[in-house]
Each structure stands twice: as C-alpha cells, then as structure tokens.
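Q: sequence plus the predicted model coming up.
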Amino acid sequence: MKRPPKPTPTNQGAYAVVKDRGKRASMMLVGQVMDNGDGSLMIYLDALPLSRTLLIRDRPVTESVPPLPSATTSPVRSGPSEA
C-alpha cells in the first residue's frame, strides 16, 4: 500500500471568527492549512477557537508559512536527569 505524500504548505490559513459585542466580526489566525496531495486538506491548529467557527482563506502576502514540525524533534526538553 502506498503512503500518501507528505503535506505541503499552501498559502491558506485557518482563522477564528470573533464577534465584538454586536459590532463587526474580525478574524484571528489560529492555524495553517496543508495540502495532502490527494485533494484533501490537513488543518494544524495552534489555538482552539471559542466561536466554533473556522474560516479557511488565503493568507496575505506578508504572512509566511512556518515549516511543519519534524517527527524527529520533541517538544519536551531533555535536561539533566534527577536522581
């Protein structure tokens, strides 16, 4: 069985829609969208939206797409072991 290709960055972001007390709604970038190569998308969230609404749209040209985290790196820091 073939493995699907690794996700590649797109120029799209996942935005939470935030309403400001009856005023105009605004957007907050909460994640990035990756293309799986088979027509499906993967969304990596850095924050959970409280509004339950996600908007997927193109990012402005000024925002850069950060690289995906590597499976070989660990978010846990290794330090001196405690005895």
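A: Yes, it's here.

Q: quick one, helices of the chain?
A: Counting by DSSP state H, the chain forms no helices at all.

Q: where does pLDDT dip in it?
A: 1, 3-7, 9, 62-83 (pLDDT under 70).

Q: okay, now residue 12: neighbour count?
A: Using other Cβ atoms under 10 Å, residue 12 is surrounded by 18 other residues. C-beta here means a position set from N, CA and C on the backbone, and glycine is covered the same way.

Q: for it, which non-adjacent residue is spatially closest?
A: Nearest non-adjacent residue to residue 12, counting by Cβ to Cβ, 6 or more residues apart in numbering: residue 33, 4.0 Å away.

Q: so how far is residue 43 from the one you found?
A: Relative to residue 43, residue 33 is positioned 6 Å away (Cβ to Cβ, to the nearest Å).

Q: the more surrounded of those two?
A: residue 33 (21 against 14).

Q: ok, now which ones touch that one?
A: Residues in contact with residue 33 (Cβ atoms under 8 Å, 6 or more residues apart in numbering) are 10, 12-14, 41-44, 56.

Q: is it correct that residue 45 is in contact with residue 28?
A: No. The pair residue 45 / residue 28 is not scored as a contact, 11.7 Å apart, by Cβ atoms under 8 Å.

Q: tell me the phi and psi of residue 39?
A: The phi/psi pair for residue 39 (degrees, to the nearest 10) reads phi 100, psi -10.

Q: okay, and the common contacts of residue 33 and residue 43?
A: Common contacts of residue 33 and residue 43 (Cβ under 8 Å, 6+ apart): 14, 56.
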